[in-house]
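Trainee: need coordinates for the below:
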Amino acid sequence: MAAKRKLAEQIFGAEENSAAKMDPEKLSKFQRLAARMYHTPQLSAKEVGIPAIASFGAQLSGMINGNYRMYYFISVLRLDMVYVTIINSLISIYDMLNNPIIGILYDKTRTRWGKARPYALLTPVFVYASTALLFCARLFFDNDDTRDPGKVLFVFAVLFLQETFSTIASAGGGFVGLMTPNLEDRMRVGLWQTYSNKWGGDLLAMIIMPLLDFARSDKINATPAGIFAFFGILAAVAGTAGSMLMAVKCRERVILQPEPAPTSKTMFYILKNKYMLRNFVAGLSVSWWNKGGLNWDVITQLEIFGGVFRTWPWYIPRQTMQIVSIQLVEPFKRMFRGSYRKTVIFMRVWDWILGSIPALMGLSPKIIGTWWKAGLAFAAFDGLVVSNDAPSTVMEAEINRRISDYTEYTTGERPDGTIGLLTGFISKVTEPLRALWTIAVLKWAGYDPNIASNKPWLQARVHENSTMYSKVFFLYNFTDILPNLIGIIPLIFYDLEGQKLEDMYTALNERRALIAKENTVSGEMAAMIEMMAEEDLAEQKT
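Mentor: Below you'll find the predicted structure:
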């Protein structure tokens, strides 16, 4: 039994040089300084706003890559879905191989400019350039041959480059968490990033589909290929400018261990973090349940509702409530006596109940068979579902940052790159499953994605299948419900709140201050520590 306990302590217990295990007397002389680091905001208005600008550009790129890429491949570039599935699977296999390498490289990065800043500065040009090139593909291959080998090789090569540089960029995604040790600062940055993400995503969604509608009906002198090329280039310019601006104008203040631990240890540090381990298991269990890259929103707008302009009224509640939700961040933060865990669970149950209703209503031919009835069912409940979008985004992001800080607390290291990219294996390993799932649900619905035209109810008439769009509408509204339910389970056991949270950050910041004193640090961190020490001395004299 003793041997088993020792083994368990070695695997799951805190490291000897971590804040959780260090001698309290050694850390106690930094107690007042640590308290100031925890309670005193450090970021200027500029440093709060610039990450929001970077998020805006990233959201444009994320939307066109996430929501419209599959539609672009199939309906505009005209690639057979089987080839797209094969390409995505091969890219996922490649990503599984390069993820650990990039993660290890990031975790060992220590420069005079910081840990994450070099990645934010150097990689965006390549990430966003490949995005622009991808959505210009139809300009180079102006044919409808769905098996054109040139198109297949081009898409594979560009996606290969995009995935490589995206992995490098995502390794430095912890920039905000390193900008300040103050939780209120991080929440302010998260709130403004949420504003920016909503506006960036909505801007693209509100413009691109109407333009495609106009182009298909020859009401404007543009083609779908030209529209996608324009937005691909726009996203590339905005994303590059925003990320590089953040790298130049924002600073890292959180000091880290000068000499990182061996990779053989950091690869297993997820076991030291019980909160992260639970999230990993929950994510793995539902990672196959996904839209598979096909955006049901596109099908709903163009085919069920009968065009974008018929759709617009049904999205008014969504747009309105998303703006309202930003004003609800503070009230939601105060719910359940400030317990983020209980509040996020409440919001996920809320989404599950309100999301299930239109999904089930859509199975009725009497509702889905009339475009305005389907629209009303969607609009009423979708508006209610998104009314907690901003609070859930901000609070879940902060919970995840606290979980990452817990790794530093228990290990003395911050291997965000290795752990983040290893946990990213979830989506990569299950990419083929998601592709097969997409094909299966399309077959179940009777929907053929290779039909280029998206006129209202065309496929139902061609296939003489009146239930097809009922199934599509059901899937569109139901797809995210299972992951939300499974995601609640780790939150039930999450207890990093209240005094336990403050004690963790006190010890963590004491250790950071100790490292800062014993080692050469950045000018920003040194200035912050000196300023806070002077304030402490002045208070003690008075």
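Trainee: going by C-alpha atoms from here, please, whenever you check contacts or count neighbours.
Mentor: Noted.
Trainee: just checking, what's the longest helix in the protein?
Mentor: For the chain, the longest helix by residue count, based on DSSP state H, is helix 183-216.
Trainee: quick one: average pLDDT of the helix or strand just after that helix?
Mentor: Downstream of helix 183-216, the first helix or strand assigned by DSSP states H and E is helix 224-249. Confidence over helix 224-249, taken as the mean pLDDT, stands at 91.
Trainee: could you do stretch 475-494 as well?
Mentor: 83.
Trainee: and that stretch, which residues are buried?
Mentor: Within stretch 475-494, the residues that qualify as buried are 475-481, 483-488, 490-491, 494, counting by 16 or more other Cα atoms under 10 Å.
Trainee: got it, and stretch 232-246?
Mentor: So for stretch 232-246, counting by 16+ other Cα under 10 Å, buried means 232-246.
Trainee: just stretch 351-369 next, same as before
Mentor: 351-352, 354-363, 365, 367-369.
Trainee: quick check, nearest of the residues you listed to residue 402?
Mentor: Within those, distances to residue 402 taken as Cα to Cα reach their minimum at residue 351, with 23.8 Å.
Trainee: what's the spacing between that closest one and residue 383?
Mentor: 11 Å (Cα to Cα, to the nearest Å).
Trainee: residue 191 too?
Mentor: Distance from residue 191 to residue 383, by Cα to Cα: 20 Å.
Trainee: next one: residue 117
Mentor: 38 Å.
Trainee: more neighbours: the two, which one.
Mentor: residue 117 (25 against 20; other Cα atoms under 10 Å).
Trainee: skipping adjacent residues, who's closest to the more buried one in space?
Mentor: Nearest residue to residue 117 in three dimensions, chain neighbours excluded: residue 247, at 5.2 Å (Cα to Cα, 6 or more residues apart in numbering).
Trainee: now residue 406
Mentor: Nearest one to residue 406, counting by Cα to Cα, 6+ apart, is residue 273 at 6.7 Å.
Trainee: number of nearby residues for the residue nearest to residue 117?
Mentor: Quick note: residue 247 (other Cα under 10 Å) scores 22 neighbours.
Trainee: surely it touches residue 115?
Mentor: No - with contacts counted by Cα atoms under 8 Å, residue 247 stays clear of residue 115, the gap being 11.0 Å.
Trainee: mind splitting the chain into its structural domains?
Mentor: 44-253, 264-496 (automatic domain parsing).
Trainee: distance to residue 30 for those - can I get that in CSV?
Mentor: Output for these, formatted as CSV (distance: least, Cα to Cα, whole Å):
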stretch, distance to residue 30
domain 44-253, 15
domain 264-496, 16
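Trainee: mean pLDDT lowest where, among the ones you listed?
Mentor: domain 264-496 (a mean of 81).
Trainee: now do that domain: distance from first to last residue.
Mentor: Domain 264-496: ends 28 Å apart by Cα to Cα.
Trainee: for stretch 492-500, give me every contacting residue.
Mentor: Stretch 492-500 is contacted from outside by 275, 339, 340, 341, 345, 402, using Cα atoms under 8 Å, 6 or more residues apart in numbering.
Trainee: tell me how far that stretch lies from the chain's centre.
Mentor: Between the centre of stretch 492-500 and the centre of its host chain there is 23 Å, according to Cα atoms, centre = their mean, to the nearest Å.
Trainee: and for stretch 46-60?
Mentor: 14 Å.
Trainee: contact partners for the residue nearest to residue 406?
Mentor: Contacts of residue 273 (Cα under 8 Å, 6+ apart): 12, 403, 406, 407, 410.
Trainee: I'd say the last one and residue 14 touch.
Mentor: The reference is to residue 410. Yes - Residue 410 lies in contact with residue 14 (Cα under 8 Å); the separation is 4.5 Å.
Trainee: where do the contact lists of the two overlap?
Mentor: With Cα under 8 Å, 6+ apart as the test, residue 410 and residue 14 both reach 20, 21, 272.
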